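Chemist: whatever this is, show me its structure:
(one chain, ligands or ions: 1)
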Amino acid sequence: MPVIDACEVIQNEQVGPGLHVVRFRHETIAAGARPGQFVNVRTREGFPPLLRKPFSICRRDANEGWFEIFFKVVGTGTRLLAELQPGERRSIIGPLGNGFGLSHRLQHAIIVAGGIGVAPFPFLVEVLRRQEVSVSVYLGARTRNELWGMDLFAELADEVFISTDDGSEGFHGRVTEMLQPRLPELASESESIQIFACGPEPMLKAVMQLGRAFNLPTQISVETMMGCGFGICMGCPMPNPADRAGQAYKLSCIDGPVFDIHEVEMEWPH
Ligand SMILES: Cc1cc2nc3c(=O)[nH]c(=O)nc-3n(C[C@H](O)[C@H](O)[C@H](O)COP(=O)(O)OP(=O)(O)OC[C@H]3O[C@@H](n4cnc5c(N)ncnc54)[C@H](O)[C@@H]3O)c2cc1C
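Modeler: Okay, here's the model as predicted:
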């Protein structure tokens, strides 16, 4: 069950240009969270901004009672969060959303992360490794100094592949272009393999196409703009492919933010 509470900031580390990892103390959220869930954060006391801002739970330690968010400064809310000091408190609701679904047959996880979409994966990879699932991480960013998590994944995962759009680190091109040549081989393991992806919409569309074309079980975590975060405001509908009239939509806050690629479309039917 999600809780709403004032969470104390333990640390705020700048890890790249406009990129921050903020650690909050809260035993119940830390203990209750599952990989792929998120928290909805009041970025300041009072207004504006009116709405809370959603962030994936990036890592947590249930024993020590903390969880972290990783974010990029894009507007008012994230700018306020970037200024947080240890000891300050912010109202947070969480854990929210469904989280990643992990098959008990899973033996090999393929993580595809684009830019800030890397955020939910440190937590997921920690859980998978504890379950002795082998993990391959495909990490992409626009440029080298927007890559985050390489050291962490090098420690946790079995293999890490890096791409940058400008070629400043690793494979020169998109993360899905780096992954695609490996998919025919991976498709032969399809009983025991799952792809997990989070990133910008064009990347998620490309992952959906690949997952469908190679018939690989694939889950995407979407970052649709949302309001309340728990299904009341109806502000985050996702098109449902089973419904051509565009009415039986899914809500990304409660039905997601993680969806099977056969469960949603990224665009509304025309
Ligand atoms: C479930 C979920 C998990 C998320 N996890 C993370 C995370 O772990 N790390 C992270 O950095 N971000 C994450 N996001 C996105 C994050 O919530 C937004 O970046 C944040 O709300 C921006 O707030 P702001 O007040 O700084 O920007 P605003 O002032 O609200 O907006 C600044 C600009 O960014 C655009 N924008 C804002 N939110 C979004 C969005 N969700 N998608 C596309 N464009 C947007 C606005 O249109 C505007 O142009 C997540 C979103 C969702 C729904």
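
Chemist: measure the residue lying closest to Q107 once chain neighbours are set aside to the ligand for me?
Modeler: Residue nearest to Q107 in three dimensions, not counting chain neighbours: S192, with 3.8 Å by C-beta to C-beta, 6 or more residues apart in numbering. Bear in mind the C-beta positions are built from the backbone N, C-alpha and C, glycine included. Distance from S192 to the ligand, counting by C-beta to the nearest ligand atom, to the nearest Å: 28 Å.

Chemist: and the chain, which residues reach the ligand?
Modeler: Within reach of the ligand by C-beta under 6 Å from any ligand atom, the chain has these residues: 38, 49, 53-56, 69-72, 74-78, 116, 119, 223-226, 257.

Chemist: mark which of those are buried, thanks.
Modeler: Among those, the ones that count as buried by 16 or more other C-beta atoms under 10 Å are 38, 53-56, 69-72, 77-78, 116, 119, 223-224, 226, 257.

Chemist: can you list the weak-confidence ranges in the stretch 101-250 of the chain?
Modeler: Within the stretch 101-250 of the chain, the set of residues satisfying pLDDT under 70 comprises 190, 243-247.

Chemist: need the contact list for the residue in it positioned nearest to the ligand.
Modeler: Minimum separation of the stretch 101-250 of the chain from the ligand (C-beta to the nearest ligand atom) falls at A119, amounting to 3.2 Å. Contact partners of A119, counting by C-beta atoms under 8 Å, 6 or more residues apart in numbering, are 55-56, 58, 69-71, 198.

Chemist: kindly report the same for I261.
Modeler: I261 neighbours (C-beta under 8 Å, 6+ apart): 207-208, 211-212, 218-220.

Chemist: can I get the buried part of these as one ChimeraX selection?
Modeler: Remark: buried members of the contacts of I261, expressed as a ChimeraX selection using 16+ other C-beta under 10 Å:
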select :207,208,211,218,219,220
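
Chemist: can you redo the contacts of I261 as a markdown table with secondary structure?
Modeler: Below are the contacts of I261 laid out as a markdown table (DSSP: H, G, I helix; E, B strand; the rest coil):
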| residue | secondary structure |
| --- | --- |
| V207 | helix |
| M208 | helix |
| G211 | helix |
| R212 | helix |
| T218 | strand |
| Q219 | strand |
| I220 | strand |
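
Chemist: would you check which pair of the contacts of I261 lies furthest apart?
Modeler: R212 and Q219 (12.9 Å; C-beta to C-beta).

Chemist: what's the distance between G46 and R90?
Modeler: 12 Å (C-beta to C-beta, to the nearest Å).

Chemist: likewise G256?
Modeler: 24 Å.

Chemist: these two: who's more crowded?
Modeler: More crowded of G256 and R90, by other C-beta atoms under 10 Å: G256, with 25 against 21.

Chemist: got the contact list for the closest residue to that one other than its chain neighbours?
Modeler: With C-beta to C-beta, 6+ apart as the measure, V222 is the residue that lies nearest to G256, at 5.8 Å, once sequence neighbours are left out. Counting by C-beta under 8 Å, 6+ apart, V222 makes contact with 204, 238, 252, 256-257, 259, 264.

Chemist: just the buried residues of those.
Modeler: 204, 238, 252, 256-257, 259, 264.

Chemist: re earlier: of the contacts of V222, closest to the ligand?
Modeler: P257 (4.0 Å).

Chemist: tell me the phi and psi of the closest one?
Modeler: phi -80, psi 0 (degrees, to the nearest 10).

Chemist: look at it and report its pLDDT.
Modeler: Note for P257: predicted pLDDT of 96.

Chemist: so which residues of the stretch 151-270 of the chain form helices?
Modeler: In the stretch 151-270 of the chain, the helices defined using DSSP state H, counting those that start in this stretch lie at 175-179, 183-187, 201-213.

Chemist: just those helices: most buried one?
Modeler: helix 175-179 (a mean of 21; mean count of other C-beta atoms under 10 Å).

Chemist: packing partners for it?
Modeler: strand 108-114, strand 134-141, strand 159-164, helix 201-213 (3 or more C-beta pairs under 8 Å, 6 or more residues apart in numbering; DSSP states H and E).

Chemist: is V207 in contact with T218, as I believe?
Modeler: Yes - in this structure, V207 is within contact of T218 by C-beta atoms under 8 Å, at 6.5 Å.
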